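Q: Sequence below, structure please.
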Amino acid sequence: MINLEIVTPEKKVIDEAVEMVTVPTAKGEIGILHNHAPLISTLKPGILSYTHKGSTENMVVSGGFIEISDNKVSILADIAESKDQIDVQAAKAEQEEAQKVLGEWKGSEEEFEVELEKLEKAQARIELGSAR
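A: Purely as a prediction, here's the structure:
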């Protein structure tokens, strides 16, 4: 088992033993099982999934870091939203706005990365919120 802890600025979202975790990181999606090698990475906006007692739960995460050490996965995220917390229509509006801004881009590379992250977060919300 792995202890999964997810914390946002507002609250501790989860703190429990799980069998497996899949996390979107800056270097790509990683799967974490018991005895995973130590790791620290930044999170990429996307869908985090974890398996607990044979069932898989999903949530959208964005902004922050993940640390893996001694069978503990600690995630400090700006957001961690379950499917029932997502407003798909609002996410679609966010996606359209980000696509418009990026399509007409004339700013700096750093600002572009911020807008791209907004787009990726909106897309993850739409994907999870629209899943059955």
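Q: Okay, buried residues for the longest strand that the chain contains please.
A: In the chain, assigned by DSSP state E, the strand with the most residues is strand 55-69. Counting neighbours by 16 or more other CB atoms under 10 Å, one finds that the buried residues in strand 55-69 are 59-64, 66, 68. C-beta: built from backbone N, CA, C; applies to glycine.
Q: again with stretch 115-123
A: Those would be 115, 117-123, for stretch 115-123 by 16+ other CB under 10 Å.
Q: tell me the average confidence for it?
A: Mean pLDDT, stretch 115-123: 91.
Q: between the buried residues of stretch 115-123, which is closest to I6?
A: Of all those, I6 sits closest to K121, with 15.9 Å by CB to CB.
Q: Please tell me how far that closest one sits from T25.
A: 15 Å (CB to CB, to the nearest Å).
Q: Alpha carbons of the longest helix belonging to the chain, in CSV - could you do that?
A: For the chain, the helix that runs over the most residues, judged by DSSP state H, is helix 109-130. Below are the C-alpha coordinates for helix 109-130, written out as CSV (Å, rounded to 0.1, in the frame of the first residue of the first chain):
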residue,chain,number,x,y,z
GLU,A,109,7.0,33.1,-23.3
GLU,A,110,6.3,33.0,-19.5
GLU,A,111,2.8,34.5,-20.0
PHE,A,112,2.2,32.0,-22.8
GLU,A,113,3.0,29.2,-20.4
VAL,A,114,0.4,30.6,-18.0
GLU,A,115,-2.3,30.7,-20.7
LEU,A,116,-1.4,27.2,-21.9
GLU,A,117,-1.8,25.9,-18.3
LYS,A,118,-5.2,27.5,-18.2
LEU,A,119,-6.2,25.7,-21.4
GLU,A,120,-4.8,22.3,-20.2
LYS,A,121,-6.7,22.7,-16.8
ALA,A,122,-10.0,23.5,-18.7
GLN,A,123,-9.5,20.5,-21.0
ALA,A,124,-8.9,18.2,-18.0
ARG,A,125,-12.0,19.5,-16.3
ILE,A,126,-14.1,18.9,-19.5
GLU,A,127,-12.7,15.4,-19.9
LEU,A,128,-13.4,14.4,-16.3
GLY,A,129,-16.7,16.3,-16.0
SER,A,130,-18.0,14.8,-19.2
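Q: Much appreciated, bye for now.
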